[in-house]
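Output the structure for:
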Amino acid sequence: MAGHSETKNMPFAVKDCALITRMGGVDTAVNLRELRERIKVCPEACLFHHFMETLVRPSFDDPEFRNDFAVWSARYLRDRVLAERLGILNPYKFDNLKHLRETVVEIIDDRLSEMPFVPSVPKGDDFIFMQATTVVFDAGLTLDSPFELQKILPELSYSSLYYHFIEARRRTPQRVDDFTAWCYGVGDECEQLIEAFRTIDFYYLTLPELKKTLIEAIKPISLRGRHDG
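Numbers count the residues shown, from 1 in each chain. Below is the predicted model:
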């Protein structure tokens, strides 16, 4: 999204997206020490994929953890302690992926220091580092006012919601969702919408939960300023 002045009175073109995944360019890991070494050198795109893109990936179905490292630790290493330590990390609380990487390595180092041996998994259960390209396409919907979000949110696909409310935080200059960035350019009349978006702790929500939360959060807000037509 553009900056504040550039978004003034501009319509909002709703987009949708899909992931094209590929190998991450590093070897797989069959034990915790190898996982640590691979995380230290893997492309940042791998970290982004295994922490952030799980939400929109069709194959991801873990109800407890949001990142693949925590899931692997719980399911295959059978290490609930490590899984919970990794699972509480919210990547959007870090300034950048470099700091996230450092924290993950520190957590694994601490866990290795507590263990008498290095836990491993059978070949076939090894951790495979992946990365993805986001393919963006037009959803065929244009909004003239932020207040139209109250009407169209129930109709948005989950992948569109992911693209605009979550993935946008790596694209927008303000590191906010696309809806908030748009509201910044409209003016003071959108203050309530901006505040509603700001209060949502989205990372630990599934996309269906996020959609429901967004709908409920903006439902009470006045429709003043809505563009009819």
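
If we go by neighbour counts, what in the lengthiest strand in the chain is buried?
With DSSP state E applied, the strand covering the greatest number of residues in the chain is identified as strand 130-143. Across strand 130-143, burial judged by 16 or more other Cβ atoms under 10 Å covers 130-132, 134, 139, 143. C-beta: built from backbone N, CA, C; applies to glycine.

List just the nearest of those to Ala18.
Thr134 (7.7 Å; Cβ to Cβ).

How much space separates the closest one from Ile166?
11 Å (Cβ to Cβ, to the nearest Å).

same question, Met10
From Met10 to Ile166 the distance is 22 Å (Cβ to Cβ).

So between the two, which is more surrounded?
Looking at Met10 and Ile166 with other Cβ atoms under 10 Å, you find the greater number of neighbours at Ile166, namely 21 against 13.

excluding its backbone neighbours, what's nearest that one?
With Cβ to Cβ, 6 or more residues apart in numbering as the criterion, Ile166 has its nearest non-adjacent residue at 6.3 Å, and that residue is Phe202.

domains for this protein, by residue range?
In the domain annotation for the chain, the residue ranges read 5-17+143-218, 25-128 (automatic domain parsing).

Can you tell me the SS state at Asp16?
strand (DSSP: H, G, I helix; E, B strand; the rest coil).

thought it was touching Leu141?
No. With contact defined as Cβ atoms under 8 Å, Asp16 does not count as touching Leu141 (9.4 Å).

follow-up on the earlier one: the domains of the chain into CSV, with extra columns for mean pLDDT?
Rendered in CSV, the data for the domains of the chain read as follows (pLDDT from 0 to 100):
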stretch, mean pLDDT
domain 5-17+143-218, 90
domain 25-128, 94
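
and the gap between the closest residue to Val121 other than its chain neighbours and Ala181?
Counting by Cβ to Cβ, 6+ apart, Val121 lies nearest to Tyr76, which is 4.6 Å off, once chain neighbours are set aside. Per Cβ to Cβ, Tyr76 is found 39 Å from Ala181.

out of those two, which sits in the busier spot?
A count of neighbours by other Cβ under 10 Å puts Ala181 above the other of Tyr76 and Ala181, at 24 against 17.

State the distance from Ile218 to Val81.
For Ile218, the distance to Val81 equals 39 Å [Cβ to Cβ].
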